[in-house]
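> only geometry, no sequence info:
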């Protein structure tokens, strides 16, 4: 093999490694959240600047199989809205295994760090949210979901 061919092969290998590394870091290889699809009872509790607020929200929501490919569709504090219609955030540093999950999300107006526990019965995560316009403000949401069963006839698990 000539010197030109060796350099070309080396350049192709380096380029392939760079492409693989960039795909991995941007989350192009989606990892599903290790939960069951179905109907969940969500409870969200709030803290602002480290002080717990005296209100919480509870509501039901169907988590579809397709939602499990994006953790921001599952572990959102915006339970009243369809999570799939909410603003798209870029998820990075996703780690899911051993009944734990953690990731970071970069959204247009905020950054989010999520850590929590998963089980067959549901989940409990803490979302730390920092608005981009005011980095000194911190919001903390505890989001708990209890699996109730399959989604109803009008809402499919798929």
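Thanks, I have it. No experiment lies behind these values; they were computed from the predicted model shown. Numbering: from 1, shown residues only.

> Chain neighbours aside, what residue packs nearest to residue 104?
residue 93 (4.9 Å; CB to CB, 6 or more residues apart in numbering). Yep, even glycine has a C-beta here, placed from its N, CA and C like the rest.

> Just checking the distance from the strand or helix carrying that neighbour to the centre of its chain.
Under the criterion DSSP states H and E, the helix or strand holding residue 93 is strand 90-97. Taking CA atoms, centre = their mean, to the nearest Å, one finds the center of strand 90-97 at 7 Å from the center of the full chain.

> cool, and stretch 130-139?
On CA atoms, centre = their mean, the centre of stretch 130-139 falls 19 Å from the chain's centre.

> Can we start the residue count at 394 from this point?
Taking 394 as the first residue, the last one we looked at is stretch 523-532.

> Okay, buried residues for that stretch please.
Burial within stretch 523-532, assessed by neighbour count using 16 or more other CB atoms under 10 Å, is assigned to residue 532.

> gap between the residue positioned nearest the centre of the chain and residue 545?
The residue lying closest to the centre of the chain (CA atoms, centre = their mean) is residue 464, at 2.4 Å. To residue 545, residue 464 is 24 Å away according to CB to CB, to the nearest Å.

> tell me the mean pLDDT over the strand holding residue 486?
Taken as a whole, strand 483-490 has a mean pLDDT of 92.

> List of residues touching the following helix or strand past it?
As assigned by DSSP H and E, the chain's next helix or strand after strand 483-490 is strand 493-499. By CB atoms under 8 Å, 6 or more residues apart in numbering, the residues outside strand 493-499 that reach it are 426-427, 464-465, 468, 482-488, 504-511, 516, 518.

> 7 Å instead?
With CB atoms under 7 Å, 6 or more residues apart in numbering as the contact definition, strand 493-499 has outside contacts at 426, 464-465, 482-488, 505-511, 518.

> Quick check: neighbours of it in the sheet, parallel or antiparallel?
Sheet partners assigned to strand 493-499 using DSSP bridges are listed as strand 483-490 (antiparallel), strand 503-512 (antiparallel).

> So which residues make contact with the longest one?
Which is strand 503-512. With CB under 7 Å, 6+ apart as the criterion, strand 503-512 contacts 427-428, 464, 468, 482, 492-498, 516-525.

> Poorly predicted segments of this protein, please.
394-424, 472-480, 546-551 (pLDDT under 70).
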